[in-house]
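> All I have is the shape, not the residue letters:
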């Protein structure tokens, strides 16, 4: 009998997770809602490695020689393209989903590093505009707080068609986060469960988008770049359509990309990972002859210097970070542990952004919780983090013999797994074999 | 004695790009000069992004987004208009002497958009505080996700009127094909009739000639509850 106990059998279909999911639905009678992006394991940049220099190529001195990081976005039509000091931007996250302190800290950190930050679904917070030397103003389906006065203050516009965490779906801001200020900015009743639309009110298809882009350009005197942000699904066609509609830059968000709240079915079962999305987007731009003319910003689960360097090597002009910047300022930090417990979770496992009860004051509108995130400290953490990423990218670039991080190239990479080889169309390490090509 | 004659500049759109027309309009707006546009020929994006007071009269049909993303403007169009007229308007007046295509007054925050004709589907979609007046009918999905403001339709309203509305009111003088989720009929009161008389008298329309009905939010779906799934 004892030996039987030692070999408990687990169903591969009804795993403990599957059983818990069934029973949670049985209790709730609805789908699950949570923050963050896909939890499942997917082929990612970690599955690639660099072939740095030895005899065939010369490295640059790792600690001394210059390796430039300047990045231009929006050179196609805009009179004033976005000039960034680093190839890393901060992604759109709304005031509402994030606290005031978090938004201001992101703006200040971006300014310190000479890069841009992005508004979000809820309008432009005046303090965010003040904190950010370069601010991208999102034009979302909800149009919450969208107005021509703030539009004219923007340094770029990002038309949001979708995002990686929920391509084809809309976000949620549950009532506990819709306080008086947030409701006022969004023209909504206080405390309402705000379910964001996923379709723009004034245009529908790519032919209309062309006219919408012209409207935004006319309203901003053709001065500032217009990005089109999409969740990664049918990447090749979508990128080509966005280019045809007149986008200056494409922002493409893979399924690892985060959200403050949506249905977990979207996070886990909709969209493709960032790695293949990037490769397909570059191919699409090349196929229609606009690679280099229309810039590509890639996002979705990027969280280390090597991630950034590999994205650049595969052809991105810049990457955009959301969740990782929040983690840098203290998301999931093992402090205020009793408050994690109140949410039924633990540090390192929390994804309860949707509850508004963020133990570290980032994804909350509760004044007391927000106090736990001093703006100066959060600014320093995010700035330090971004700086360290840039240093890592430069180190890898120098080791590959590049004096500009944008000179990293596909030739510098190989894949460690068959999946990554197939998706990145790179040779498997130590072989000439490219899965699906050879 | 000097007689003050209001200045009016006439612009013929025929040989100008949209960029040139809008630049001229913005320059004139900054000087407070009223303008007449000739031969618009259904062009998109006329008079967009103007945030200084100007009076513009357009002699002919216009395309998408006429007067979009503007603040404090007065536009009169003598012709039909394309999609999303007055989109995101903040304040001012846009009057169309003709029919409007889809999404009239989409997401408009303030001011007044008047369609003296019929409007297509999704009229008043995401309306955020503006007033939309339609002397004829509106198509399906009108006032979808309306957040605030007022919509007056003298004629009929298509299917799913005011679906998922948050706040604001819709007055329909004709037949309502169907109401969308969380929309309900409310009894008209004296204040409502006064509002309608006041708003419509400017167009020589007598509100009392119509059997106006009022539609507002039932507020039953403000909070996301599993038991409500059948309502969507």
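Yep, that arrived. As the structure is a prediction and not an experimental result, all values here were calculated from the model.

> gap between the closest residue to residue B:7 other than its chain neighbours and residue B:9?
Spatially, and ignoring its direct neighbours in sequence, residue B:7 is nearest to residue B:33 (4.9 Å; Cβ to Cβ, 6 or more residues apart in numbering or on different chains). C-beta here means a position set from N, CA and C on the backbone, and glycine is covered the same way. In this view, residue B:33 and residue B:9 are 6 Å apart by Cβ to Cβ, to the nearest Å.

> who's in contact with residue A:322?
Contacts for residue A:322 (Cβ atoms under 8 Å, 6 or more residues apart in numbering or on different chains) come out as A:90, A:91, A:92, A:93, A:257, A:258, A:299.

> Output these in a markdown table, with secondary structure, neighbour count and pLDDT appended to each entry.
Listed next are the contacts of residue A:322 as a markdown table, based on DSSP: H, G, I helix; E, B strand; the rest coil; neighbours: other Cβ atoms under 10 Å in any protein chain shown; pLDDT from 0 to 100:
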| residue | secondary structure | neighbour count | pLDDT |
| --- | --- | --- | --- |
| A:90 | strand | 25 | 98 |
| A:91 | coil | 29 | 98 |
| A:92 | strand | 24 | 97 |
| A:93 | coil | 28 | 95 |
| A:257 | coil | 31 | 95 |
| A:258 | coil | 29 | 93 |
| A:299 | strand | 31 | 98 |
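
> Could you point out which of those is nearest to chain B?
Closest approach between these and chain B, by Cβ to the nearest Cβ: residue A:92, at 18.3 Å.

> Specify the beta-bridge partners of that closest one.
On the basis of DSSP bridges, residue A:92 is bridged to residue A:118.

> wait, isn't it in contact with residue A:136?
Yes - in this structure, residue A:92 is within contact of residue A:136 by Cβ atoms under 8 Å, at 7.1 Å.

> Need the residues touching each of the two.
By Cβ under 8 Å, 6+ apart, residue A:92 and residue A:136 have these common neighbours: A:118, A:119, A:158.

> So among the residues you listed, which ones count as buried?
A:118, A:119, A:158 (16 or more other Cβ atoms under 10 Å in any protein chain shown).

> Tell me the one of these nearest residue B:151?
When those are ranked by distance to residue B:151 (Cβ to Cβ), residue A:119 comes first, at 28.5 Å.

> what's the distance between the helix or strand containing residue A:396 and the middle of its chain?
Using DSSP states H and E, residue A:396 maps to helix A:375-399. Averaged C-alpha coordinates place helix A:375-399 at 17 Å from its chain's average position (Cα atoms, centre = their mean, to the nearest Å).

> From the contact counts, what lies against it?
strand A:88-90, helix A:100-113, helix A:305-313, helix A:323-329 (3 or more Cβ pairs under 8 Å, 6 or more residues apart in numbering or on different chains; DSSP states H and E).

> who wins for proximity to chain B among those?
helix A:100-113 (22.0 Å).

> helices or strands next to that closest one in the packing?
By 3+ Cβ pairs under 8 Å, 6+ apart, helix A:100-113 packs against strand A:88-90, strand A:117-118, helix A:126-131, helix A:323-329, helix A:375-399.

> Name the residue of the stretch 201-350 of chain A that lies nearest to chain B.
residue A:219 (2.7 Å).

> ok, that residue to residue B:49 distance?
For residue A:219, the distance to residue B:49 - Cβ to Cβ - is 3 Å.

> Give the intersection of the neighbour lists for those two.
Joint contacts of residue A:219 and residue B:49 (Cβ under 8 Å, 6+ apart) are A:148, A:151, A:152, B:68, B:69.

> Wait, the third one touches residue A:220, no?
Yes - under the contact definition of Cβ under 8 Å, residue A:152 touches residue A:220, with a separation of 6.6 Å.

> the more surrounded of these two?
More neighbours surround residue A:220 than the other of residue A:152 and residue A:220, with 23 against 16 (other Cβ atoms under 10 Å in any protein chain shown).

> Contacts only, for the more buried one.
The contact partners of residue A:220, taken as Cβ under 8 Å, 6+ apart, are A:151, A:152, A:154, A:157, B:49.

> and if we set it to 6 Å?
For residue A:220, no contacting residues are found, by Cβ atoms under 6 Å, 6 or more residues apart in numbering or on different chains.

> quick one, phi/psi of it?
Dihedral pair for residue A:220: phi -120, psi 20, per degrees, to the nearest 10.

> Kindly provide the distance from it to residue A:200.
18 Å.

> What are the boundaries of the helices in chain B?
Along chain B, the stretches classed as helices by DSSP state H are B:18-31, B:190-201.

> Of the ones you listed, flag the one that's most buried.
helix B:18-31 (a mean of 17; mean count of other Cβ atoms under 10 Å in any protein chain shown).

> who in chain B is up against chain A?
B:22, B:44-45, B:48-49, B:51, B:64-65, B:68-69, B:71, B:84, B:87, B:90, B:103, B:106-107, B:125-126, B:128, B:147-148, B:166, B:222-224, B:226 (Cβ under 6 Å from any Cβ of the partner chain).
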